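Q: need coordinates for the following:
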Amino acid sequence: MSALFLLAFPCYVNYIYSMEKAVSQFLNYLTVEKGLSRNTLESYERDLRKYSDYLKKNAITDIRAVSKSDVFGLIEHLRGSGLSASSTARAIVAVKGLHRFLLSEGRSDKDPTEAIESPKRGLILPKVLKADEVEALLAAPQGNAQEAVRDRAMLELLYATGLRASELVSLGAGDVDFEVGYLKAFGKGSKERVVPLGEAALGSLRTYLEEARPVFLKGRTSHDLFVTRLGSGMTRQCFWKIIKKYARLAGIKKNISPHVLRHSFATHLLEHGADLRSVQTMLGHADIATTQIYTHLEAERLKKLHKEFHPRG
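A: Here you go, the predicted model:
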């Protein structure tokens with residue numbers, strides 16, 4: 001910055017481009033220009049909050065003052081805090097994205113992350129339920145009480161389609177076609193895809209729509225397919241508690257989440273002969289490389305079977 005510029009605009013000397021302002025502008029850019037989902041934006045915000053806390057501890061108040069050594073220091077800090085390699089890599093991706101944005105928008109004259117590679121994530125295979133565990137989970141909501149009927153339909157639908165939890169709770173009452181047997185899901189970036197439904201899921205869903213949903217709504221109308229006993233739309237947090245509850249009732253010891261059923265859906269399809277491209281389409285993955293993690297999972301399963309049953313395994 002030239003001395004002439006500073007003389008002409010003395011107020012610029014005292015101007016601090018705060019981390020908070022930079023992050024706000026970056027998240028707005030990701031929302032408006034990139035169309036990222038709410039979950040992805042929340043992930044970016046959490047990771048950048050770690051970055052902000054680190055900069056504050058090191059008395060850096062202006063984002064433009066960050067140097068390459070500061071970023072290296074952040075990486076070491078994250079590793080030393082016990083964060084996994086995968087979570088550290090994700091945080092650095094967020095930091096690199098922020099600085100690239102600031103440079104491209106002319107809000108900074110350098111990118112301190114330019115020559116820094118993201119830490120390698122390593123291959124982390126997703127958790128998957130066995131077929132008998134899935135059957136136990138789906139059978140856990142017992143009886144004809146309205147909540148059990150609803151919960152059974154949600155679990156059946158999740159396993160039948162591989163939807164993300166956010167996609168499941170966002171389904172509208174008109175997003176299911178019972179005649180053809182499919183539903184419309186809206187994934188990351190509001191991208192629409194069509195996912196087929198089996199008879200078991202359709203049957204559970206019909207029962208829910210006929211017997212439970214009208215009781216919850218008490219004569220009111222709602223766009224949401226799945227509603228609570230108060231008539232409001234189901235939330236991700238509420239469904240998370242539901243699946244944890246039935247995992248306990250089913251005697252499943254694994255740490256289960258809605259995403260475990262998504263992983264199980266994909267893995268079981270591949271185990272029974274589905275092709276990778278079809279699974280990619282049903283999961284709503286933009287890149288088939290994301291879906292290929294399930295082929296690694298299947299390879300690991302086959303290795304275990306070979307070791308267990310082959311005479312020279």
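
Q: break the protein into its domains for me.
A: Annotated domains of the chain cover 10-104, 131-309 [automatic domain parsing].

Q: where does Gln25 land on pLDDT?
A: pLDDT for Gln25: 93.

Q: that one - that's part of a helix, no?
A: Yes: assessed by DSSP: H, G, I helix; E, B strand; the rest coil, Gln25 belongs to a helix.

Q: before we move on, the earlier item: can I get the domains of the chain in CSV with mean neighbour count and distance to Ile116?
A: To be clear about C-beta, it is placed using only N, CA and C from the backbone, and glycine gets the same treatment. As requested, the domains of the chain are exported to CSV (neighbours: other CB atoms under 10 Å; distance: least, CB to CB, whole Å):
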stretch, mean neighbour count, distance to Ile116
domain 10-104, 16, 6
domain 131-309, 16, 23
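
Q: format the ones you listed as JSON lines; extra columns: distance to Pro112.
A: Listed next are these as JSON lines, based on distance: least, CB to CB, whole Å:
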{"stretch": "domain 10-104", "distance to Pro112": "5"}
{"stretch": "domain 131-309", "distance to Pro112": "28"}
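
Q: mind checking which of the ones you listed is nearest Asp111?
A: domain 10-104 (4.6 Å; CB to CB).

Q: then Leu183 would be within a helix, right?
A: No: using three-state DSSP, the assignment for Leu183 is strand, not a helix.

Q: ok, it - contacts?
A: Counting by CB atoms under 8 Å, 6 or more residues apart in numbering, Leu183 makes contact with 157, 161, 171, 175-177, 194-195, 197.

Q: I'd assumed Tyr246 was in contact with Glu133.
A: No: if you go by CB atoms under 8 Å, Glu133 and Tyr246 don't touch, sitting 11.4 Å apart.

Q: nearest residue to Thr235 in space, please, no chain neighbours.
A: Val169 (6.2 Å; CB to CB, 6 or more residues apart in numbering).

Q: do you know the pLDDT at that neighbour?
A: Val169 carries a pLDDT value of 94.

Q: sorry, back to before: ok, the contacts of Leu183 vs Leu27, which is closest?
A: Leu171 (26.4 Å).

Q: where's the closest one relative to Val195, distance?
A: 11 Å (CB to CB, to the nearest Å).

Q: anything in contact with each of those two?
A: Joint contacts of Leu171 and Val195 (CB under 8 Å, 6+ apart) are 183, 185.

Q: which element is the spatially most central residue of the chain on?
A: By CA atoms, centre = their mean, the chain has its centre lying nearest to Asn39, at 5.9 Å. Here Asn39, judged by DSSP states H and E, is contained in helix 38-57.

Q: next structured bit after that helix?
A: Using DSSP H and E, the helix or strand that follows helix 38-57 in sequence is helix 68-80.

Q: chain center to the next helix or strand after that next one, what's the gap?
A: Next in sequence after helix 68-80, counting helices and strands by DSSP H and E, comes helix 85-104. Distance of helix 85-104 from its chain centroid, counting by CA atoms, centre = their mean, to the nearest Å, is 18 Å.

Q: what's in contact with helix 85-104?
A: 22-23, 25-26, 29, 43-44, 47-48, 50-51, 63-64, 66, 71, 74-75, 78-79, 83, 107-114, 116, 118-122, 124.

Q: just stretch 163-178 next, same as before
A: Against stretch 163-178 from outside (CB under 8 Å, 6+ apart): 37-39, 154, 157-158, 182-187, 195, 197, 202, 205-206, 222-226, 233-236, 239-240, 257-259, 262, 284.

Q: and it, end to end?
A: Its start and end residues considered, stretch 163-178 measures 18 Å (CA to CA, to the nearest Å).

Q: repeat that for stretch 173-193.
A: The first-to-last residue distance of stretch 173-193 comes to 16 Å (CA to CA).

Q: how about stretch 289-298 as CSV, C-alpha atoms only?
A: The C-alpha trace of stretch 289-298 is given here as CSV (Å, rounded to 0.1, in the frame of the first residue of the first chain):
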residue,chain,number,x,y,z
ALA,A,289,-15.8,-40.8,-6.3
THR,A,290,-18.0,-40.1,-3.3
THR,A,291,-20.0,-43.2,-3.9
GLN,A,292,-16.9,-45.4,-4.4
ILE,A,293,-16.3,-45.4,-0.7
TYR,A,294,-18.9,-48.2,-0.6
THR,A,295,-16.8,-50.4,-3.0
HIS,A,296,-14.0,-50.1,-0.4
LEU,A,297,-16.4,-51.2,2.3
GLU,A,298,-17.5,-54.2,0.2
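
Q: residues making contact with that stretch?
A: 123, 125-126, 128, 263, 266-267, 270-271, 276, 279-280, 283, 285.

Q: cool, stretch 210-223 as well?
A: 144, 146-147, 149-150, 153, 172-173, 227-231, 233.
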